[in-house]
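Asks: Kindly generate the corresponding structure for this input.
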Amino acid sequence: MTRILILLLLSVASYALSPEAAQHMQAGIAADKQHQFDVAITEFRRVTELDPDFVDGFISLGQAYMEKHDFGAAIAPLKHAVEAKPDSAPAHQLLGYALLIEGYAAQAIPHLERVKEKSALGIAQIQTGQLSEAVVNLQAALADHPNDPDILYYLGRASGLLSKQSIDTLLAAYPDSPRAHQAMGENYFVLRQMPDAEMEYREALRLRPDVPEVHLELGEVYAGAFQWVKAEEEFRAQCKLQPGNAEAAYRLGAALLEQGKAHEARAELIRADKLMPDMPETLYSMGKAASLEGDTSAAEKDWSKLLTIEKESPLAAQAHFGLASLYRKQGKTAAAQHELQEFQRLQSNSNPHQAPEKGEPPH
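Replies: So this is what the prediction gives:
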């Protein structure tokens with residue numbers, strides 16, 4: 001609200017207030033700067049009484065109420081300001097905020113649209129069910145304020161609600177369609193109800209065998225249950241339908257690796273890396289496959305490259321452990337010790353109670 005206060009100071013300088021009203025206005029501004037909001041409210045209210053035509057006195061009064069977190073009391077003076085001076089951007093902005101905070105989202109929207117206040121507008125649109133518009137405005141707000149936690153939260157919420165709305169429409173209109181069964185499978189997968197997820201994915205494929213995404217999702221169901229042969233079958237089907245799908249190639253390579261088929265796995269993982277270079281998961285698995293095949297130079301290269309991309313993640317920890325094993329076998333004791341220390345540091349930081357992966361030393 002600092003910008004609004006500056007605008008009001010300029011307004012005071014350009015408006016011919018009576019000496020008494022000007023004195024109260026200056027006192028109110030001084031109190032506001034010192035966060036003495038009750039004093040500021042008293043002073044600004046006196047300004048509105050002495051000079052009812054001075055619109056910015058009402059804006060200042062509304063702002064002081066808002067800074068005191070008395071948003072309901074702010075609405076009346078701000079509405080008066082908007083009615084008296086329809087082109088006042090500060091009045092529209094503050095009134096839009098106050099109405100939104102008090103739960104009057106529909107009433108807030110015209111004021112927020114007037115001043116192009118995209119973040120607050122997106123929040124109001126979520127509350128009024130205008131989800132597509134909310135996503136657009138929140139994405140624009142995020143572009144202006146990258147990684148703002150509030151905007152990220154509301155964008156995720158709007159996107160999730162819009163997705164749910166679309167899925168609900170799909171299930172209501174086409175309950176027996178392949179996509180409806182796929183959607184149900186995805187819901188069961190999130191809920192970890194794997195037998196139900198498998199059943200829904202299977203029904204989707206029965207109705208439409210060429211839906212490629214379903215093979216990938218069904219493969220993940222089997223991978224989650226360590227049924228690697230079945231997982232491999234589904235990932236292969238996905239790769240056949242979509243040979244350019246990097247995730248499918250990676251998933252197939254990972255399933256093969258779990259079965260000890262290092263040579264086949266490595267070929268698929270290299271293909272995945274060409275389709276989508278430098279994905280950390282792919283690099284880790286490539287290094288593991290290369291190590292199992294005895295290609296220590298390639299394994300070192302893959303794991304070292306992963307560590308230039310990720311430095312503090314669980315995958316980084318596994319890469320450090322893999323390098324420690326390589327260096328120990330090569331007799332590079334100091335390098336092996338350094339990598340092992342990094343592994344232990346990352347493991348301790350991420351989850352001190354996490355069980356080590358097969359082949360890892362106990363904590």
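
Asks: from the middle of its chain, how far away would the host helix or strand of E83 be?
Replies: Using DSSP states H and E, E83 sits within helix 71-84. Centroid separation between helix 71-84 and its chain, computed with CA atoms, centre = their mean, to the nearest Å, is 35 Å.

Asks: just stretch 176-188 next, same as before
Replies: On CA atoms, centre = their mean, the centre of stretch 176-188 falls 25 Å from the chain's centre.

Asks: show me what contacts the residue nearest the centre of the chain?
Replies: For the chain, L152 is the residue whose C-alpha lies nearest the centre (CA atoms, centre = their mean; 5.0 Å). Going by CB atoms under 8 Å, 6 or more residues apart in numbering, L152 touches L142. Backbone N, C-alpha and C define where each C-beta goes, glycine included.

Asks: measure it to Q139 for me?
Replies: To Q139, L152 is 11 Å away according to CB to CB, to the nearest Å.

Asks: How about Q259?
Replies: From Q259 to Q139 the distance is 42 Å (CB to CB).

Asks: cool, E49 as well?
Replies: Applying CB to CB to E49 and Q139 gives a distance of 45 Å.

Asks: out of the two, which sits in the busier spot?
Replies: Ranked by neighbour count (other CB atoms under 10 Å), E49 and Q139 place Q139 first, with 15 against 11.

Asks: Contacts only, for the more buried one.
Replies: Residues counted as contacts of Q139 (CB under 8 Å, 6+ apart) are L155.

Asks: at 10 Å instead, please
Replies: Neighbouring residues of Q139 by CB atoms under 10 Å, 6 or more residues apart in numbering: 118, 122, 151, 155, 158-159.

Asks: Same question for Y154.
Replies: Counting by CB under 10 Å, 6+ apart, Y154 touches 119-120, 122-123, 125-126, 134-135, 137-138, 141-142, 148.

Asks: if we go to 7 Å?
Replies: 122-123, 126, 138 (CB atoms under 7 Å, 6 or more residues apart in numbering).

Asks: In strands, which of those residues appear?
Replies: Cross-referencing these against strands under DSSP state E gives no overlap.

Asks: Looking at the residues you listed, which are in helices?
Replies: Cross-referencing the contacts of Y154 against helices under DSSP state H gives 122-123, 126, 138.

Asks: any idea which of these is the one closest to S291?
Replies: Top of the list for closeness to S291, among these and by CB to CB, is L138 at 44.6 Å.

Asks: and the helix or strand containing E281, what does it pack onto?
Replies: Using DSSP H and E, E281 sits within helix 280-292. Helices and strands touching helix 280-292, by 3 or more CB pairs under 7 Å, 6 or more residues apart in numbering; DSSP states H and E, are helix 246-258, helix 262-275, helix 296-309, helix 314-329.
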